[in-house]
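Q: Just need the structure, nothing else, for what follows:
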Amino acid sequence: MSGATGLSVEDRLDIQDLFARYSWAIDLADEELAVTCFAKDCWFDHLWQGRVQGHEAILANLHELWYDRQSWWFARHHVFDTFLMKAENGGARVKSFFQIFQHSVDYNTNFVFGIGTRDDFCIKENGVWVFQSLRVNAWTTVDQVPWKGKITMPPRPGPARPVSSKAAE
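A: Okay, the predicted model is just below:
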């Protein structure tokens with residue numbers, strides 16, 4: 001049975017399962033599971049790495065995160081919630097919020113690494129929901145928050161810029 005979203009309850013649960021598989025895969029460096037989350041021609045747009053397309057390019061991005069900056073990535077936990085799902089163009093548009101929790105191996109403590117929104121498009125391949133496109137919108141500056149209301153708070157100063165040794169002379 002389909003509701004106002006045009007998706008069945010089963011499809012909605014299967015899409016949530018896709019997000020769970022994706023989290024388990026990327027947070028535990030499970031390359032085989034990660035590939036099963038993406039359509040063959042999927043594109044992946046990650047804030048720090050930019051947009052890439054296809055399994056090989058997505059895995060290269062993941063390898064960079066897992067191995068080139070392992071202390072940044074090890075013991076990370078992605079959580080997705082507050083899903084808005086809607087049938088669209090033979091697939092499903094899925095908007096969600098995310099939080100990334102991190103265990104710092106250097107300080108032996110836990111913290112929130114980041115928050116933001118996602119705008120993904122999912123399709124069924126061989127009867128299984130996968131990402132056709134995945135876009136991360138991490139909130140690192142005020143203008144990245146998709147606020148719909150009027151902003152009435154005063155602008156905040158940005159981080160202080162370090163003074164170069166030449167400017168200090």
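
Q: my read is residue 96 is in a strand, agree?
A: Yes - counting by DSSP: H, G, I helix; E, B strand; the rest coil, one finds residue 96 located in a strand.

Q: so it makes contact with residue 16?
A: No - counting by CB atoms under 8 Å, residue 96 does not reach residue 16; the two are 9.5 Å apart. The way it works is simple: take the backbone N, C-alpha and C, and place the C-beta from them, glycine included.

Q: joint contacts of these two?
A: Taking CB atoms under 8 Å, 6 or more residues apart in numbering as the criterion, residue 96 and residue 16 both touch residue 83.

Q: Now residue 140: which helix or strand?
A: Using DSSP states H and E, residue 140 sits in no helix or strand.

Q: Give me the contact list for the longest strand along the chain.
A: Assignment by DSSP state E gives strand 109-125 as the longest strand of the chain. Contacts of strand 109-125 with the rest of the structure, by CB under 8 Å, 6+ apart, involve 15, 18, 39-40, 76, 80, 88-104, 129-140, 144, 146.

Q: Show me those that map onto strands.
A: Per DSSP E, the subset of the contacts of strand 109-125 in strands is 39-40, 76, 80, 88, 91-104, 129-138.

Q: show me what contacts residue 86?
A: For residue 86, the contact set (CB under 8 Å, 6+ apart) comprises 5, 6, 7, 92, 93.
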